[in-house]
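J.: Got a predicted structure here, sequence first:
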Amino acid sequence: MSSENLQTKWGQFISLIIVFFFWGFVGSANDILIPVFKKVFTLSQVQSQLVAWAFYVAYFVGSIIFFLISLKVDVLQKFGYKKTLSAGLLLSAVGSFLFVPAATMESFPFFLTALFTVGLGFSIQQIVANPLAIKMGSPNTGAHRLTLAGGVNSFGTTIGAILLGIALFGMGDNKNTSLSLEDIKLPFIILGIAFIVVAIFMNFSKIENPAKIEKTIITESTDKFRILDYPQLYLGMLAIFIYVGTEVTIISNLPALLHTAEFGRILEDAISPFIALYWGSLMIGRWNGGVNVFNTSNLVNTALKFIVPALAFGVIIGANVFAGHDVSSFYIYPIWILLFIAVSFVGGKNAGKTLMLFGISGLLMMIAGLVCTDTEIAKFFFISGGLFLSIMWPSIFDLAIAGLGKNTGKASSFLIMMILGGGVIPLIQGSICDIDLTSPNGIFGISWTHFSYIVPLLGFAYLGFYGFYCPKILKRQGINHIESEGGGH
């Protein structure tokens, strides 16, 4: 049977996507920890952003370490996908358990070390799980499997903040507004145990090691790979850096924005619904993009483009209602969802066009959030950035690796390293927020924390530019058609 006719190994794939759920769950939980740590440790805004820095820098460091080790020994070939993935899960378990002594010692640097360790484990999991998902069936449907995995990842980000918020503050009218680091211990003990259980399950599962098949592959060329020979790649590396940084900085600094006087001084125990709505916006976008996975008629496909986002929005509302949160103010948000759907129809499956249109749309949302005088509406403009970021990841990847042929694998590893942006760009925005401490009068009639959203505005501008300019580069190389599947990081 040819590889093109292979059926997706759904039993193995479903067990794999649990890992994608973990990535999302922990990523959004960080956004609850940021305001908690800021208050408990009396941190400035830029200091609180070290939470994101520690987590995302670990991806970069982990990728570098893995790359250097691979120069000596092919880890995946020697140990196999399952054992390597299990090792990454166990490393993340160690990081989760480190939260216990960190809370006991009340040490912010120890907490950062714990998050860094969890992130190191995630970097190994990312390196293994993405190609493994692609290989679990026909190469022609590999992107579809990543789309579904991205949807599960987004579901994890949506409920992660809500569940950790319940663990720390309780539910409904029984909320605990006092903060205690002791309350952090139990959720991360449970998370560490879950990592170990999944690692054991993975190690003894029936997931096959593609490495056994790939041993016969021989590299036919020893030509040196030079990044500067491929403008689509080095510009794409910057795009990934900015994309992840923009995605993280919008939400990492949102608690500080909502805590300002102009946005109602919303406290830490009331932040999780907004975090869930932001990450849920990425879920809405990715589920919408996932509709393209199914082989349906144009009429059914069009209907699903409206039905699926509505269901995803229902999940966000339902999870918040379950947690006892008042989300009546969220009922206006479908306006932004409909705008997103309209733009997605115009973009179609063309990666460059999609990236350009969503970059411009995100830029306009940030401008609207900055100039809108009604802060009850302005915050939704900023949160809607999640919608327009949601399906950029595959578009950037499609463009960045186009035409690289045998160097695609090397290029992909460099692109993964650029997840580092998630640790750097929030620090830049956080430093702007802290100007409020010395200049409380703000700028242009708004606080510096409000003005700090100029950072994601510039990020969207570059992403739109890359979507516009990269196809021109590819056209000069004789590459005229690039498609994008609706997946996501």
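T.: Right, received. Where do you want to start? Nothing here was measured: the structure is a model prediction, and the numbers come from that model. Residues are numbered from 1 along each chain as shown.
J.: Packing partners of the helix or strand hosting Gly289?
T.: Per DSSP states H and E: Gly289 is located in helix 272-290. Other helices and strands packing on helix 272-290, by 3 or more C-beta pairs under 8 Å, 6 or more residues apart in numbering; DSSP states H and E, are helix 10-40, helix 142-169, helix 231-252, helix 254-258, helix 298-322, helix 334-347, helix 375-383, helix 385-389. C-betas here are computed from N, CA, C, even on glycine.
J.: repeat that for 6 Å
T.: Packing partners of helix 272-290 (3 or more C-beta pairs under 6 Å, 6 or more residues apart in numbering; DSSP states H and E): helix 142-169, helix 298-322, helix 385-389.
J.: Which of those helices sits closest to Ala239?
T.: Nearest to Ala239, of all those, is helix 385-389, at 11.9 Å by C-beta to C-beta.
J.: To what extent is Lys224 buried, counted in neighbours?
T.: Using other C-beta atoms under 10 Å, the number of residues around Lys224 comes to 7.
J.: Tell me how many other residues crowd the nearest residue to Ala261 once chain neighbours are set aside.
T.: Spatial nearest neighbour of Ala261, excluding adjacent residues (C-beta to C-beta, 6 or more residues apart in numbering): Ser447 at 7.9 Å. Using other C-beta under 10 Å, Ser447 has 21 other residues around it.
J.: Dihedrals phi and psi, Ser447?
T.: When quoted as degrees, to the nearest 10, the phi and psi of Ser447 stand at phi -70, psi 160.
J.: How many residues are close by Asp374?
T.: 7.
J.: measure it to Phe116 for me?
T.: 40 Å (C-beta to C-beta, to the nearest Å).
J.: same question, Asn30
T.: 12 Å.
J.: got it, and Pro440?
T.: From Pro440 across to Phe116, the span is 34 Å (C-beta to C-beta).
J.: cool, and Ala276?
T.: Distance from Ala276 to Phe116, by C-beta to C-beta: 25 Å.
J.: neighbour count winner among those two?
T.: Ala276 (30 against 20).
J.: residue contacts, the nearest residue to Met283 once chain neighbours are set aside?
T.: The shortest distance from Met283 to any non-neighbouring residue, by C-beta to C-beta, 6+ apart, is to Ser154 (3.4 Å). Contact partners of Ser154, counting by C-beta atoms under 6 Å, 6 or more residues apart in numbering, are Leu282, Met283, Arg286.
J.: if we can go back for a sec, now mean pLDDT and distance to Ile401 too, for the helices and strands packed on helix 272-290, in JSON lines please.
T.: Shown next, in JSON lines, are the helices and strands packed on helix 272-290 (pLDDT from 0 to 100; distance: least, C-beta to C-beta, whole Å):
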{"stretch": "helix 142-169", "mean pLDDT": "75", "distance to Ile401": "12"}
{"stretch": "helix 298-322", "mean pLDDT": "89", "distance to Ile401": "27"}
{"stretch": "helix 385-389", "mean pLDDT": "95", "distance to Ile401": "20"}
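J.: Throw those into a markdown table and include distance to Lys78, thanks.
T.: Shown next, in a markdown table, are the helices and strands packed on helix 272-290 (distance: least, C-beta to C-beta, whole Å):
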| stretch | distance to Lys78 |
| --- | --- |
| helix 142-169 | 24 |
| helix 298-322 | 41 |
| helix 385-389 | 37 |
